[in-house]
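K.L.:
Any chance you could fold what I've pasted below:
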Amino acid sequence: MRKSARLIKAPRPYTPGVTQTSPESSLLQYVQERLGRLELAKRLQVSEDIIGAWFVTPADMPNRKRLALADLVQELTDPGHKK
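P.N.:
Numbering: from 1, shown residues only. Presented below is the predicted three-dimensional model:
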């Protein structure tokens, strides 16, 4: 059986400098912009160096820290939260 050329997808071309941001990096960036890296590290009970490493390799973030980060985002986006 012959496959139609229309059904075969061509590989995506490589575009240097264009990267996809992981959800963890986006959330880390959001909280860091709101609280600062030092406060973010304190709230997640890790060093500032660990926060920096997670920006580079988000997959290294343990699940318990992802959940804590999600809690921080919820706290910051809650309308009743004082800034």
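K.L.:
quick one, what contacts His47?
P.N.:
Actually, residue 47 is Ser. It isn't His. Shown in contact with Ser47 (C-beta atoms under 8 Å, 6 or more residues apart in numbering): Ala41. (Glycine included, C-beta is placed from N, CA and C.)
K.L.:
Over to Pro79?
P.N.:
Counting by C-beta under 8 Å, 6+ apart, Pro79 has no contacts.
K.L.:
backbone phi and psi for it, please?
P.N.:
phi -60, psi -30 (degrees, to the nearest 10).
K.L.:
For it, give me the pLDDT.
P.N.:
Pro79 carries a pLDDT value of 76.
K.L.:
ok, now how distant is it from Leu38?
P.N.:
Separation of Pro79 from Leu38 (C-beta to C-beta, to the nearest Å) stands at 26 Å.
K.L.:
do Ala70 as well
P.N.:
20 Å.
K.L.:
How about Ala59?
P.N.:
From Ala59 to Leu38 the distance is 24 Å (C-beta to C-beta).
K.L.:
Helices along this structure, start to end?
P.N.:
Using DSSP state H, the helices of the chain run over 23-35, 37-44, 48-56, 63-77.
K.L.:
okay, now Thr77: neighbour count?
P.N.:
Other residues near Thr77 number 10, with proximity taken as other C-beta atoms under 10 Å.
K.L.:
Leu44 now?
P.N.:
21.
K.L.:
Equivalent analysis for Gln32, please.
P.N.:
16.
K.L.:
who are the neighbours in contact with it?
P.N.:
Leu40, Ile51.
K.L.:
What ranges in this protein fall below the confidence cut-off?
P.N.:
Residue ranges of the chain with pLDDT under 70: 1-20, 81-83.
K.L.:
make it 50
P.N.:
For the chain, the stretches with pLDDT under 50 are 15-18.
K.L.:
Report whether the expected contact of Ala70 with Leu28 is present.
P.N.:
No. Here Ala70 does not reach Leu28: they are 11.2 Å apart, not a contact under C-beta atoms under 8 Å.
K.L.:
Great, nothing more from me.
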